[in-house]
Structure formats: C-alpha cells, structure tokens
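Participant: Fold the following and give me the result.
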Amino acid sequence: MNIHTKFTNMTITPEIQDYLDKKLSSLDKLINPNDTSVSCQVELGRTSNHHKSGDIFRAEFNLMKDGRQFRAVSEQESIIAAMDEAKDELIRELKTFKSKQMSLVRRGGAAIKYMVKGIGSAGYSAGSSLGNFGGHIGGHVGRQLKRLRRRG
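Facilitator: Numbers count the residues shown, from 1 in each chain. The predicted structure is shown next:
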C-alpha cells in the first residue's frame, strides 16, 4: 500500500508519525499491505493558525482500492482524536463495501441455485429472485420436462 502524507499548518513530531503508522497498520486486516495498487493519502493539520479552542485539528484519509475511493474526514480538539475518528470511519466504510459485495455474490449464487432447482422440478417456480422473467422460464422448462416424463 502506497501512503502519501501531507501536513498543513503544523510540524510533525516522531510521536505523531508513529501513531499514524500504528493507525494505518490496523487497516491491514481489510487490505493486503503488499498490494501496490492500493494507495492512501493522509492529510493532517490545523484548520487555521488563529484558533485557540474548538475543533482545530483535521485528519483526512483518502484510500483508493480497485478503482473505488473511500474517504474519511474528522475535525477534533486534538490531532490524536482526529486520527482515531477518521480511521474508524474509514474502517466502517471498507466493511460496509465488503459486506455489500458479499451480499451481491450470495444473491447471485442463490438465483442460480433456484433456477437450477426449478428446471428439475415441475412444480417449483424457478427464479423467484429473478422476477417474472425467471419464473416464466423455470415454469416453462418444468412443464416441458413433465410432458417428456409422461411420454416416456
């Protein structure tokens, strides 16, 4: 994973750099760290130099994976809290995307399974998850198989 870091209106200390590396290493559970096609841009900084209180630190993570962009932004009173919140938001987005992909794969597999079951059984309407078209095909094939069995 390629990581690019940018700092705005602040100086970086070794403690902040170590903390950032630790937070980004927690993404290794969801992303292969050896994948060079994944890139992450991190921007840390102060929103302005003249603020004395309030949400003055900002952390922004932009991750590109498989042509998709995942983005997390946080503004907090400390840079550590901003990094924590942005990292949590990025992990939440990655997990949501992964579960949607798995759901699509499972639904596609279930549609194929129902279609195959419908062909072998005359009374079972295949393609209930495919809408009217899938049900029509499954019912038609089932009726044809039933006619062939009667003749044989």
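Participant: for the record, mean pLDDT for stretch 77-96?
Facilitator: Mean per-residue pLDDT for stretch 77-96: 93.
Participant: again with stretch 43-63
Facilitator: So the average pLDDT for stretch 43-63 ends up being 81.
Participant: So what would you say the end-to-end distance of it is?
Facilitator: End-to-end distance for stretch 43-63, by Cα to Cα, to the nearest Å: 12 Å.
Participant: Please give the element, helix or strand, for the residue nearest to the spatial centre of the chain.
Facilitator: What sits nearest the mean C-alpha location of the chain, by Cα atoms, centre = their mean, is Phe97, with 2.0 Å. Element membership for Phe97, per DSSP states H and E: helix 79-120.
Participant: likewise His4?
Facilitator: His4 belongs to strand 2-8 when assigned by DSSP H and E.
Participant: so what's Val105 up against?
Facilitator: With contacts defined as Cβ atoms under 8 Å, 6 or more residues apart in numbering, Val105 has no neighbours. All C-beta atoms are positioned from the backbone trio N, CA, C, and that covers glycine.
Participant: Understood, closing this out.
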